[in-house]
Every structure is written in C-alpha cells, then in structure tokens.
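K.L.:
Need the 3D shape of this:
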Amino acid sequence: MAAASGPAGPVVPAESTQQAIGYPSLFLLVLIGALVPVVPTGALVSSAAVVAFHQTAPFSWALVFVTAASAAFLGDGALYWLGRRGMRSRGGSRWLEAIRSRAPDAALASARGRLAEHGVAVLVLSRLVPAGRIPVMLACPMADWPLRRFGRGNVAACLAWAATYQVIGILGGSLFSEPWEGVVVAVALTVVVSAVPGVVRRFR
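P.N.:
Numbers count the residues shown, from 1 in each chain. Here you go, the predicted model:
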C-alpha cells in the first residue's frame, strides 16, 4: 500500500518513524549499558518488546531480540578486551581499575572459583543475575579464558538474556491495549525479577 500524501509530500507512518529511531537507540543504549552498568538495559528491552507487540510490522519482535542480543554481545566483548588489555598494558590498567571498582574483591574471587568449577554455565547465568555480570566478565580474562571460549559462552548468555527480558515485555504488552500501560507493567516485572536474587542472598 502506498504511503499517504500531504501538502508537503508523502506522510511517513508513525510506526515506521518509531522503528527508524527505536532500534538504533535500543542498540546504543544496551551497548552503553553493557560497558557502564548504570543503564537499566533489561527494562529497555522489555519496554521495546511491549512496543513491538503492539506494532503491525512483521518481525518486530525478532528485530528487538537481534538488536538487544547483538548490542549486549559487543558490549561484553569490549569488557573482555578491556580486561585483557588492562592486565597486559600500563595504560589499560586504568580502564581495568575503573571497571574493577564495580566488582568487590570477594565477588571477583567468587566468580573466578565458580568459573573454574562450572565453566560457561556461570557466564550464561551471570547475564541474568543483577550485579553478577561485571565480576564474571573480569574473571574470564583473569582466568586466561581464550577469546573463542569466551565468545561461545557469551553468545549463549546474550541470547538467553535478550529472550528473558523480551518475554517479560511480551507478557506485559499482552495484558493491556495501550502500549504505555504494558511498558509500566514490564518495567515493574523487570524490577521484581532483578530484586529476587538479592532477596534470596539476604535470606541465606
């Protein structure tokens, strides 16, 4: 179907405009959030999934999934590279110390022990546990994991992470007819999911 025309020319559908802005923005924010863990990337993916649920364009869900997973993979890869560079070069040590400030020594030591015992499974789970990713990301180069092994494990971790938060968004979007209502529910569910591991640790 041809686009409608107006006095100033063709009118671009609002949905197409959302996609043209939304996917690059999602990619950039998830990438930044992987490097600087102050951006709520899980909530971003869930919110994007809500919007995609209410869109008529084909493959909207798939695009959200691919965008989020690929950005997370690149961000984690950058952290791995910074970790290796920090251990091998004088200038890179400043980057390493900046990242390590977010990973207490106890958490880092625990991550190295779990990696040695359980391998790739720890890398996958760290993506799903709040505050668990940074220590594991740093522990991988410190444990001399080769790039190929890290890459294989990180693919599975990022796919599982993107799928989990997309399902949360789809569940939120399916409950309401208005996208903003679904976004509110999806963000609330994301906060609950993020809080559960901390509550469990506190009771233990």
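K.L.:
Counting by contacts, list what the particular helix or strand that has G83 in it packs against.
P.N.:
Assigned by DSSP states H and E, G83 falls within helix 60-88. Contact analysis of helix 60-88 by 3 or more CB pairs under 8 Å, 6 or more residues apart in numbering; DSSP states H and E lists helix 14-35, helix 41-53, helix 92-100, helix 133-142, helix 147-174 as its packing neighbours. For glycine as for every other residue, the C-beta is placed from the backbone atoms N, C-alpha and C.
K.L.:
In terms of mean pLDDT, which of the ones you listed ranks lowest?
P.N.:
Per-stretch mean pLDDT for those is lowest at helix 92-100 (a mean of 61).
K.L.:
quick one: buried residues of stretch 114-133?
P.N.:
Buried residues in stretch 114-133, defined by neighbour count with 16 or more other CB atoms under 10 Å: 114-115, 120, 122-128, 130-133.
K.L.:
start to end distance for stretch 137-148?
P.N.:
14 Å (CA to CA, to the nearest Å).
K.L.:
Buried residues, it. List them.
P.N.:
Of the residues in stretch 137-148, those buried under the neighbour-count criterion (16+ other CB under 10 Å) are M137, L138, A139, C140, P141, M142, W145.
K.L.:
I'd like those residues written out as JSON lines, with distance to S110 added.
P.N.:
Formatted as JSON lines, the buried residues of stretch 137-148 follow (distance: CB to CB, whole Å):
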{"residue": "M137", "distance to S110": "14"}
{"residue": "L138", "distance to S110": "12"}
{"residue": "A139", "distance to S110": "9"}
{"residue": "C140", "distance to S110": "14"}
{"residue": "P141", "distance to S110": "17"}
{"residue": "M142", "distance to S110": "13"}
{"residue": "W145", "distance to S110": "16"}
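K.L.:
Of those residues, just say which sits nearest to T190.
P.N.:
M137 (20.8 Å; CB to CB).
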